[in-house]
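Novice: below is the structure, and that's it, no one-letter string:
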Ligand code: ACO
């Protein structure tokens with residue numbers, strides 16, 4: 001094994017160097033504090049590997065993404081979302097009998113407990129569906145007390161199946177509540193995404209037959225969002241799971257982490273940005289200048305990524321799908337023109353080139369969601385639906401990790417020292 005040598009304060013200490021299967025190298029600092037009395041300082045964790053993981057590989061320099069060793073381009077073309085979910089969670093593509101059994105289990109659990117429905121009426125109509133979904137997912141732990149043991153194989157399996165099966169129902173109900181329509185129960189004859197679209201758009205007085213193009217497109221988007229190694233929400237799920245919190249509680253925390261505009265909330269922000277450019281007369285150049293200005297907080301939403309310093313491979317697939325789907329569905333939108341122009345200008349601009357800022361997964365996804373008539377406040381919910389198998393796979397991997405430890409970073413304290421308690425009368429006004 002290779003070693004890295006650290007010289008500090010007259011001491012020398014050696015640390016093992018680990019190598020991943022794709023050639024990534026890392027200094028193992030597990031014993032850093034013990035050996036030399038230092039801790040590592042890495043805000044935002046840009047250089048910190050928090051675990052060993054066999055789920056997803058990303059090469060951000062080359063724009064490569066693989067789930068369990070399989071390139072995302074192959075899965076996008078050939079797999080279904082539930083096959084991909086199986087691959088991520090159980091580590092291999094399901095054999096025919098395994099897939100059949102898995103689909104049967106998912107289908108058997110699409111309904112929500114009738115009492116869960118009462119939660120929805122407690123939320124205001126204008127509640128963001130992400131708030132509702134995270135609350136309802138957390139509440140599942142109250143409904144399945146027998147499925148909470150993070151180390152019980154049967155309990156874990158039951159919780160995984162219920163989460164995957166019920167999330168589309170939970171999500172569609174959050175939308176129905178927001179528009180004041182009755183909930184539409186799942187129809188187990190339909191596939192995963194067709195069922196979701198029907199629960200979104202059917203009413204008791206008018207059925208809705210999901211367009212197979214729309215259902216397949218949604219399935220593709222879910223595949224592309226299914227995992228992305230140690231991103232903010234996945235790290236959150238792992239951190240919460242590391243205290244041995246149950247799977248429902250950990251996933252609910254992940255949904256909240258995903259909600260932020262710098263993470264999963266970006267897809268909503270991209271569409272709002274494109275709409276505001278359109279309303280303002282469509283000056284793409286002026287917006288790009290705003291996004292570059294240090295005196296303006298605007299960013300070019302859907303651009304830039306902590307890991308990709310090249311075109312996000314998911315964005316490439318979505319860009320192509322965007323043209324195809326809009327064509328097939330006969331949808332014309334000015335927003336696609338604005339997005340293409342924004343990309344063209346940004347990719348020639350030294351500001352974006354020098355910072356290696358390229359379109360990410362969110363840049364074109366909102367335009368597709370809009371073409372599928374998904375309301376804007378549901379975009380991030382769909383991201384959560386896609387990311388669910390990834391979160392589950394990481395939570396499961398953590399629970400079985402031989403290096404398992406509760407997550408607990410250190411800090412460098414920079415606050416006041418040597419202060420004392422002063423009685424109230426002696427404190428200055
Ligand atoms: N528009 C304009 N400038 C940008 C953008 C952007 N979208 N992204 C980064 N920059 C600039 C920063 O201002 C900074 O410039 P400086 O060096 O002059 O200060 C430089 O590029 C580096 O940016 P950081 O914020 O330090 O990069 P970081 O890796 O921390 O952030 C992030 C990555 C959060 C994704 C960022 O690029 C961003 O805010 N993008 C827009 C939001 C977005 O699309 N998020 C979705 C990410 S993908 C996902 O979560 C699914």
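Specialist: That came through, no problem. Everything quoted here is computed from the prediction, not taken from an experiment.

Novice: so what's residue 103 up against?
Specialist: Residue 103 makes contacts with residue 82, as judged by CB atoms under 8 Å, 6 or more residues apart in numbering. C-beta: built from backbone N, CA, C; applies to glycine.

Novice: how near is it to residue 165?
Specialist: 10 Å (CB to CB, to the nearest Å).

Novice: burial of residue 326, as a residue count?
Specialist: 17 (other CB atoms under 10 Å).

Novice: and it, which of the three is it?
Specialist: The three-state label given to residue 326 by DSSP: H, G, I helix; E, B strand; the rest coil is helix.

Novice: what are the buried residues along stretch 234-245?
Specialist: 234, 235, 236, 237, 238, 239, 240, 241, 242, 245 (16 or more other CB atoms under 10 Å).

Novice: out of those residues, which sit inside helices?
Specialist: The members of the buried residues of stretch 234-245 that map onto helices under DSSP state H are 234, 235, 236, 237, 238, 239, 240, 241.

Novice: just put the residues you listed in JSON lines and tack on pLDDT.
Specialist: Formatted as JSON lines, these follow (pLDDT from 0 to 100):
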{"residue": "234", "pLDDT": "98"}
{"residue": "235", "pLDDT": "98"}
{"residue": "236", "pLDDT": "98"}
{"residue": "237", "pLDDT": "98"}
{"residue": "238", "pLDDT": "98"}
{"residue": "239", "pLDDT": "98"}
{"residue": "240", "pLDDT": "98"}
{"residue": "241", "pLDDT": "98"}
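
Novice: between those, which is nearest residue 147?
Specialist: residue 241 (14.4 Å; CB to CB).

Novice: just give the nearest non-adjacent residue to residue 121, would you?
Specialist: residue 177 (7.5 Å; CB to CB, 6 or more residues apart in numbering).

Novice: pretty sure that neighbour is in a strand, no?
Specialist: No: read with three-state DSSP, residue 177 is helix and lies in no strand.

Novice: which elements pack onto the helix or strand where residue 393 lies?
Specialist: Secondary structure assigned from DSSP states H and E places residue 393 in helix 379-399. Using 3 or more CB pairs under 8 Å, 6 or more residues apart in numbering; DSSP states H and E as the contact test, the elements touching helix 379-399 are helix 81-90, helix 129-143, helix 153-179, helix 212-225, helix 232-241, helix 247-259, helix 266-279, helix 362-371.

Novice: redo that, cut-off 6 Å
Specialist: helix 81-90, helix 129-143, helix 153-179, helix 212-225, helix 232-241, helix 247-259, helix 266-279 (3 or more CB pairs under 6 Å, 6 or more residues apart in numbering; DSSP states H and E).

Novice: anything in stretch 300-316 near the ligand?
Specialist: Yes: using CB under 6 Å from any ligand atom, stretch 300-316 reaches the ligand at 300, 301, 302, 303, 304, 305, 306.

Novice: OK, contacts around residue 187?
Specialist: 195, 198 (CB atoms under 6 Å, 6 or more residues apart in numbering).

Novice: so it, which of the three states?
Specialist: Strictly by three-state DSSP, residue 187 counts as coil.

Novice: okay, the residue of the stretch 101-250 of the chain found nearest the ligand: pLDDT?
Specialist: Per CB to the nearest ligand atom, residue 231 is where the stretch 101-250 of the chain lies closest to the ligand, at 6.2 Å. At residue 231, the model reports a pLDDT of 96.

Novice: look up phi and psi at the nearest residue to it once chain neighbours are set aside.
Specialist: Nearest non-adjacent residue to residue 231, counting by CB to CB, 6+ apart: residue 263, 7.0 Å away. Phi and psi for residue 263, reported as degrees, to the nearest 10, are phi -120, psi -120.

Novice: residue 263 and residue 232 touch, don't they?
Specialist: Yes: using CB atoms under 6 Å, residue 263 is in contact with residue 232, at 4.9 Å.

Novice: hmm, back to that, and the residue of the stretch 101-250 of the chain closest to the ligand, how many neighbours?
Specialist: 22.

Novice: that older thread, next, the angle from the helix holding residue 393 to helix 247-259.
Specialist: What separates the directions of helix 379-399 and helix 247-259 is an angle of 130 degrees, with axes from the mean of the first three to the mean of the last three CA atoms, to 10 degrees.

Novice: list the contacts of helix 379-399.
Specialist: 55, 85, 88-89, 129-130, 133, 150, 160, 167, 171, 222, 225-227, 234, 237-238, 241, 247, 250-251, 254-255, 258, 264-265, 267-268, 366, 369.

Novice: that helix near the ligand anywhere?
Specialist: No: applying CB under 6 Å from any ligand atom, one finds helix 379-399 out of contact with the ligand, separated by at least 7.2 Å.

Novice: in that helix, which residues are buried?
Specialist: Applying 16+ other CB under 10 Å to helix 379-399 flags 379-399 as buried.

Novice: and it, how far from the chain's centre?
Specialist: On the basis of CA atoms, centre = their mean, to the nearest Å, helix 379-399 sits 7 Å off its chain's mean C-alpha point.

Novice: next, the angle from it to helix 266-279.
Specialist: Using the same axes, to 10 degrees: helix 379-399 against helix 266-279 is 160 degrees.

Novice: let me see the mean pLDDT of helix 379-399.
Specialist: 97.

Novice: that one versus helix 81-90: what angle between them?
Specialist: Using the same axes, to 10 degrees: helix 379-399 against helix 81-90 is 30 degrees.

Novice: contacting residues for the residue in the stretch 301-429 of the chain that the ligand sits nearest to?
Specialist: At 2.3 Å from the ligand, residue 304 is the closest residue in the stretch 301-429 of the chain, using CB to the nearest ligand atom. Contacts for residue 304 were tallied using CB under 6 Å, 6+ apart; they are residue 357.

Novice: per-residue confidence at it?
Specialist: The predicted local confidence for residue 304 is 93.

Novice: buried set for stretch 347-366?
Specialist: 349, 352, 357, 358, 359, 360, 361, 362, 363, 364, 365, 366.

Novice: ok, what's across the strand from the fifth one?
Specialist: Beta-bridge pairing of residue 359 under DSSP bridges involves residue 303.

Novice: wait, it sits on residue 314?
Specialist: No: the pair residue 359 / residue 314 is not scored as a contact, 9.6 Å apart, by CB under 6 Å.

Novice: appreciated, that's everything.
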